[in-house]
Each structure stands twice: as structure tokens, then as C-alpha cells.
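Trainee: Turn this into a structure:
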Amino acid sequence: MAEPMQNDVGVEPPRAERPEEPSRMDGGRRGALKVLVALGGAAYAGAIVVPAAIMLAPSSESGAGKERWLRVCRLSDLTEGEPRRVVVVGDERDAYTVTKDQLLGSIWVTKKGESVTVLSAVCPHLGCSIDLNGDKKSFSCPCHTSKFSLAGAAEAGPSPRGMDPLTARVVDGSVEVDFKLFRQGVAERKEVG
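Mentor: Numbering: from 1, shown residues only. Modelled structure (predicted):
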């Protein structure tokens, strides 16, 4: 057999090229690679689309319209007919997290026999804190001079509506309130989530 000729540099000259047909292994590898890329793309798209869809979709667990009963005090701690400010503590929820035992707001609770009436302590005008007047016969917002009756009706000032009533119940001697927040600055009582 004759040795191939070498050129001046000592490298064998290229052989005549002939088309090679792709092996079955290459087609299998390409197919597997295509499947992996498609799966990776779908996982990436799902990581973006699923949280966005959850956040935008209406949920039965959203705050507005859902009952949220919180125990606020003992009935025996209240004085008949005298409003008492009570802080409301509970879980604060946002789109992804729950923070335990947060100060959610305050309310005015008035005992009437074995039942109670509850009013939000948030002024419907601009969200200031409503106080009980010194005579204990009315409420007022010290910031903008809105005045309210003990029943929560608006009597004077810029507040567009009366104090917001909240549903309450007495269970095993404890006062529970369905705590809600309402939109400020509008005459219509609209719950916010």
C-alpha cells in the first residue's frame, strides 16, 4: 500500500468529500434536545403566568365581602351603655403572605344588655381616629371637626356619612366582630379588601 502524499507542511491533503447521511443517533439527540427546550420554556412561562393569574383572578378568599370574625373583648369587661375603644388584632393577609397578630384597627363597642353594638373608629371623611367626647354623649373627629351621635349618625362637619357599623355577636361571653374596612371620602358605604 502506498503512503498518502504529504505536502510541504506535513499535513495530509483533504479527501474527496462525500455527503454523509445523518445517523439515527443525531436525530434522537436533536429530538430529545427539542423536548427539553420545550419543557424548560413551558416551566419558565408557568413560573411567570401562574402567579400573575392568581393575583388577577377574583378569589373567594379576598377580603371584601368575606366574613372575618375576630374575638375583641369579654362582655363582662364592658360597662352598660358606655362606649369603649377596643383594638382589633388579627392576621393580616396580602397576596402571598399572612402576618400573625397584627394591629388591624380599633372599634367602639357599646354594651346593651347581653348584646353589643360596634362602630368603626375610622372617620369616613379621611380616615382619622374618632374619639369619644368628654361628655360621653357623642363622638368626634379631632382633625376635621366631624361630630357623630352615640349611634354613629353624622351630626356636623365634613364627614360624608355616619360612622361605619360592624356586625358583632357574643359567643361564650366573648364579643366577636366581623371586622371590615370601608372606603373613605364617599357617601356610599363601600367595603375595601
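Trainee: Please parse this structure into its domains.
Mentor: 24-57, 69-192 (automatic domain parsing).
Trainee: can I get those domains in a markdown table with mean neighbour count and mean pLDDT?
Mentor: For glycine as for every other residue, the C-beta is placed from the backbone atoms N, C-alpha and C. Shown next, in a markdown table, are the domains of the chain (neighbours: other CB atoms under 10 Å; pLDDT from 0 to 100):
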| stretch | mean neighbour count | mean pLDDT |
| --- | --- | --- |
| domain 24-57 | 10 | 77 |
| domain 69-192 | 16 | 90 |
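Trainee: Can I get the strand ranked longest in the chain in CSV, CA atoms only?
Mentor: Longest strand in the chain, counting residues (DSSP state E): strand 98-112. Coordinates of each C-alpha in strand 98-112 appear next as CSV, following Å, rounded to 0.1, in the frame of the first residue of the first chain:
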residue,chain,number,x,y,z
VAL,A,98,-50.0,36.0,56.3
THR,A,99,-48.6,38.0,59.2
LYS,A,100,-49.9,36.9,62.6
ASP,A,101,-51.2,39.1,65.4
GLN,A,102,-51.1,42.5,63.7
LEU,A,103,-52.9,45.6,64.9
LEU,A,104,-55.7,45.9,62.3
GLY,A,105,-57.5,49.0,63.7
SER,A,106,-59.8,50.0,66.6
ILE,A,107,-63.6,50.0,67.2
TRP,A,108,-66.1,51.4,69.6
VAL,A,109,-68.1,48.8,71.5
THR,A,110,-71.2,49.6,73.5
LYS,A,111,-72.9,47.0,75.7
LYS,A,112,-76.7,46.8,75.6
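Trainee: Determine the set of other helices and strands touching it.
Mentor: Under the contact criterion of 3 or more CB pairs under 8 Å, 6 or more residues apart in numbering; DSSP states H and E, strand 98-112 touches strand 69-74, strand 84-93, strand 115-120, strand 174-178.
Trainee: If anything else comes up later, I'll come back, but that's it for now.
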